[in-house]
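In: I need the structure of the sequence given here:
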Amino acid sequence: MNETIQRALFYGFAIMILLVVVVYFAGLSTDLGSVSAAVRSLILAFTGRDSSGKFADYPGGAPTATTTAA
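Out: Predicted coordinates for the structure are as follows:
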């Protein structure tokens, strides 16, 4: 009888561990997409690129240098 209880406790523990692993995997797989998108956005911002990965244009409408003939 004692061995039967130990075996039942072991199987219950193994099932609980398996459940925890499955839940963590499901959570990680759904969160990984949003985390990778955030990291990509930060990398683009730090390197000065827009959302398509191209370098941003210089701002338009800036004053130009003009020379006058003396």
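In: ok, the residue positioned nearest the centre of the chain - contacts?
Out: Geometric centre of the chain, nearest residue: residue 35, 1.5 Å, by Cα atoms, centre = their mean. If a contact means Cβ atoms under 8 Å, 6 or more residues apart in numbering, then residue 35 has no contacts. In short, each C-beta sits where N, CA and C put it, glycine included.
In: what about residue 36, distance to residue 8?
Out: To residue 8, residue 36 is 42 Å away according to Cβ to Cβ, to the nearest Å.
In: sorry, slip of the keys, the one I care about is residue 66.
Out: If you go by Cβ to Cβ, the gap between residue 66 and residue 8 works out to 90 Å.
In: again, but for residue 43
Out: Distance from residue 43 to residue 8, by Cβ to Cβ: 51 Å.
In: for residue 55, same thing?
Out: Residue 55 sits at a distance of 64 Å from residue 8 (criterion: Cβ to Cβ).
In: now residue 40
Out: Taking Cβ to Cβ as the measure, residue 40 and residue 8 are separated by 48 Å.
In: okay, now the unreliable bits of the chain?
Out: For the chain, the stretches flagged by pLDDT under 70 are 1, 58-59, 61-63, 65, 67-70.
In: what's around residue 44, how many residues?
Out: 16 (other Cβ atoms under 10 Å).
In: looking at it, it is touching residue 54, isn't it?
Out: No. Counting by Cβ atoms under 8 Å, residue 44 does not reach residue 54; the two are 9.8 Å apart.
In: endpoints of stretch 47-54, how far apart?
Out: One end of stretch 47-54 to the other measures 10 Å (Cα to Cα, to the nearest Å).
In: can you pull the buried residues of it?
Out: Residues of stretch 47-54 classed as buried by neighbour count (16 or more other Cβ atoms under 10 Å): none.
In: give me the contacts around that stretch.
Out: Contacts with stretch 47-54, where a contact means Cβ under 8 Å, 6+ apart, come from 41, 44, 55, 56.
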